[in-house]
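# Please work out how this folds:
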Amino acid sequence: MTPGDFRSVAQRIPVTVWESDARLGCTFINSRWGELTGQSLEQALGAGWRAVMHLDDQPLLDGAARDAVAHGVPIDVELRVTDRAGALRWMRLVATPDTRGEAVVGFVGLLIDITAARQASAELEEREGRLRLLEARNQALLESLPDLLFQFDADGRFVDYQAGSSRSFFLPPEEFLGRSISDVLPPQIGDAALAAMKRARESGEGQRHEYELELPGAARRDFEARISPMKSGGFLGLVRDVTELKRAERQLIAAREQAVAASSSKSQFLANVSHEIRTPLNGIILVTQLLRSLSLPADVKDYVGVLENAGESLLALVNQVLDLSKIEAERLELDLAPFDLGALVRQATRGFDAEATTKGIELIVEVSAPGEGSVVGDAGRVRQIVTNLVGNAVKFTNAGAVTVTLGVSPDGVFVLTVRDTGPGVPPGWHDSIFEPFVQVSGQRRQGTGLGLSIARRLARLMGGDLQLVDAAGQGSQFEARLPLARGAANVVSRRPVATGRRLKVLLAEDNEINARLTGAMLSWLGHDVETVRDGRSALELTMSRRFDLVFMDVEMPLLDGLEATRRIRAEEQTSGRHLPIIALTANAMKADELACLSAGMDAYLPKPVSVEALSDMLAWFGSTGR
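Next up, the predicted model:
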């Protein structure tokens, strides 16, 4: 082929074809070069074509040319060329030496645009780098996770696994891969796993099951397995060692049971203490009430008053301890009913008139118009909040006044404010004084330190709160927010009305002193009283004689009051009559009341009882006789 024929053919080839001398001086280049770079043939001849070649790549090209001249080998290099738009493009330059005898006189070659290939290669390398990084990250994650990951086929055979190098297997991987899970694990565990796979396949959702397994050289351990179905028909199994978690759960359950037992023991202890205190206290209070009804010299009446106050103080202390126990155990329930809040605040405050007068301080009660009227709430617990706050204020105020106000806040909540001119509460004690049994140091110790704690807890039980607004040395101000609902317009007294009928009363009481004093009180109220000392005698008398009412103690010998009541109610199923039975007991917990009512008693009266309480019970079931 003549040079003319070669160049004619070269013009029709879709890549750049070129010829050069031994120094890479261009002697010919086809039109594809011009289309790529914008150079004409004349511009490219000689060293002209180098003008569009990247300077950093030309030494590589020259070196390849020297090797080709020296050894007669082809040239194959990649270099960058500036195209007609000014962008760099990667070209592969390949050339064959043109020889005359043994001498290289020039080169014939091609320039192929490999820009797209280079970009694809770079992107591929980047993706492979990301995959390697992801694989390394996954491996590190698997190493750090406390889990074993298994892949199973549709029949439950082990296909693959992933686990950290420190994980222990039931068998070495080469002994379980390719085998069914039922052949590898103990039958009970394998069958449970296959059943979980079946459920996962049918529901399309992951399944969870737990099992125990003894690993080689280790004690039995607890495992949790989660099996999920795969679209391919197989399953993924994630197995986690939960031995420590199970141990912690067992310890937590044991600790909770111990705490419950301790709380139960505490409650039982308080109930027993309450019972043992209330029984003699009942005698003390009944004696004082009976003595008050007699004509006594003035000095003796004063002594009776002192004795009565002491008994009531002791009863208040017992009740406060029981209330605190109930609140802490979350067993205190509110008894909701309509009552007149303004009247209650006035009445509860007026109960401290005598003490305030004795101390020479003024006791002021102010109820705003919005604070008047009926509300729905636990009147007894609201009264307890008022008496605790007012009692504290009167107790610690030696001059000036105690002011009690009741109003309504802008958001519609009742606000009870008790302000005094006492010594106040030092700043460091603002929170701690609401803790049980805490009293401000440096002040004369009075009471038990339970009043404020119980008042705040009761307010919060009602959905409100109790806060202190204080300036030490200028008195204290306590504010109780009570979110009570408005009640009926008129609150009707729930106190019963006597009918005047004399009743035949059976008193079942095993304590001699309480039996004598309660019997005397019932007789003084105008009723005929028969007294027995045990439940069996009470049962026999109700079977043989007719009574209008029974006051039944609970803890008695031979037959307790609850069982005696059950037997009386059982006999009434055939007789058709109903004998009112009132529990008269020193067991003052809510559970005790429920036990009495569940046994069939009609009412519950905790000791110590008062003349008013006995009179009310008699009125409900007949007459006070006077």
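# Would you agree residue 67 is in contact with residue 73?
Yes. With contact defined as Cβ atoms under 8 Å, residue 67 counts as touching residue 73 (6.0 Å). (C-beta placed from N, C-alpha, C; glycine too.)
# What number of residues are in the vicinity of residue 302?
Here the number of neighbours of residue 302 (other Cβ atoms under 10 Å) works out to 11.
# repeat for residue 71
Residue 71 - counted by other Cβ under 10 Å - has 9 other residues nearby.
# State the three-state secondary structure for residue 135.
What DSSP: H, G, I helix; E, B strand; the rest coil gives for residue 135 is helix.
# before we move on, what about residue 24?
Residue 24 ends up coil, using three-state DSSP.
# any idea how far it lies from residue 99?
16 Å (Cβ to Cβ, to the nearest Å).
# again, but for residue 10
20 Å.
# Of these two, give the one with the bigger neighbour count.
residue 10 (20 against 13).
# wait, the more buried one sits on residue 31?
No. Counting by Cβ under 8 Å, residue 10 stays clear of residue 31, with 9.1 Å between them.
# The residue nearest to residue 421 when sequence neighbours are not counted: what's it in contact with?
Spatial nearest neighbour of residue 421, excluding adjacent residues (Cβ to Cβ, 6 or more residues apart in numbering): residue 400 at 2.9 Å. Residues near residue 400 by Cβ atoms under 8 Å, 6 or more residues apart in numbering: 361-362, 420-422, 475.
# Backbone dihedrals for residue 400, please?
Main-chain torsions, residue 400, degrees, to the nearest 10: phi 100, psi -130.
# quick one: the strands in the stretch 51-200 of the chain?
Using DSSP state E, counting those that start in this stretch, the strands of the stretch 51-200 of the chain run over 75-82, 88-100, 103-113, 147-152, 158-162.
# want to throw those into CSV with mean pLDDT?
Shown next, in CSV, are these (pLDDT from 0 to 100):
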stretch, mean pLDDT
strand 75-82, 94
strand 88-100, 93
strand 103-113, 92
strand 147-152, 81
strand 158-162, 81
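# of all these, which lies closest to residue 249?
strand 147-152 (18.9 Å; Cβ to Cβ).
# what angle separates that closest one from strand 158-162?
150 degrees (axes from the mean of the first three to the mean of the last three Cα atoms, to 10 degrees).
# dump the residue contacts of residue 528.
Counting by Cβ under 8 Å, 6+ apart, residue 528 has contacts 502-505.
# If you rank those residues by neighbours, which is first?
Counting by other Cβ under 10 Å, top hit in these: residue 505 with 25 neighbours.
# for the record, mean pLDDT for the host helix or strand of it?
Here residue 505 sits within strand 504-508, counting by DSSP states H and E. Strand 504-508 carries an average pLDDT of 94.
# got a list of contacts for it?
So strand 504-508 is in contact with 515, 518-519, 522, 527-535, 537-538, 541-542, 546-553, 556, 561, 564, 584, 618, going by Cβ under 8 Å, 6+ apart.
# Please apply the same query to stretch 110-122.
15-18, 33, 36, 78, 81, 89-95.
# Please list only the buried members of the residues you listed.
Buried subset of the contacts of stretch 110-122 (neighbour count, 16 or more other Cβ atoms under 10 Å): 16-18, 33, 36, 81, 89-93, 95.
# Would you map the helices across the stretch 301-450 of the chain?
Per DSSP state H, counting those that start in this stretch, the stretch 301-450 of the chain carries helices over the ranges 341-350, 353-359, 379-396.
# Using a markdown table, lay out those helices together with mean neighbour count.
A markdown table is the format used below for these (neighbours: other Cβ atoms under 10 Å):
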| stretch | mean neighbour count |
| --- | --- |
| helix 341-350 | 19 |
| helix 353-359 | 13 |
| helix 379-396 | 22 |
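# Make a markdown table out of those helices and add distance to residue 201 and mean pLDDT.
Shown next, in a markdown table, are the helices of the stretch 301-450 of the chain (distance: least, Cβ to Cβ, whole Å; pLDDT from 0 to 100):
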| stretch | distance to residue 201 | mean pLDDT |
| --- | --- | --- |
| helix 341-350 | 66 | 89 |
| helix 353-359 | 81 | 88 |
| helix 379-396 | 60 | 88 |
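# Identify whichever of the ones you listed lies nearest to residue 148.
Per Cβ to Cβ, nearest to residue 148 of these: helix 379-396, 58.0 Å.
# Output the lowest mean pLDDT helix or strand found in this structure.
Least confident element among the helices and strands of the chain, by mean pLDDT, DSSP states H and E: helix 298-328 (a mean of 65).
# for the record, mean pLDDT for the very next helix or strand once past the strand holding residue 505?
Next along the chain after strand 504-508, taking DSSP H and E as the criterion, comes helix 512-524. Taken as a whole, helix 512-524 carries a mean pLDDT of 88.
# just the CA coordinates of helix 512-524, formatted as CSV?
Output of helix 512-524 as CSV, limited to C-alpha atoms (Å, rounded to 0.1, in the frame of the first residue of the first chain):
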residue,chain,number,x,y,z
GLU,A,512,-62.6,-6.5,129.8
ILE,A,513,-62.1,-2.7,130.1
ASN,A,514,-63.5,-1.9,126.7
ALA,A,515,-66.4,-4.3,127.3
ARG,A,516,-67.3,-2.5,130.6
LEU,A,517,-66.9,1.0,129.3
THR,A,518,-68.6,0.5,125.9
GLY,A,519,-71.5,-1.3,127.7
ALA,A,520,-71.8,1.6,130.2
MET,A,521,-71.8,4.1,127.3
LEU,A,522,-74.6,2.2,125.5
SER,A,523,-76.6,1.9,128.7
TRP,A,524,-76.1,5.7,129.3
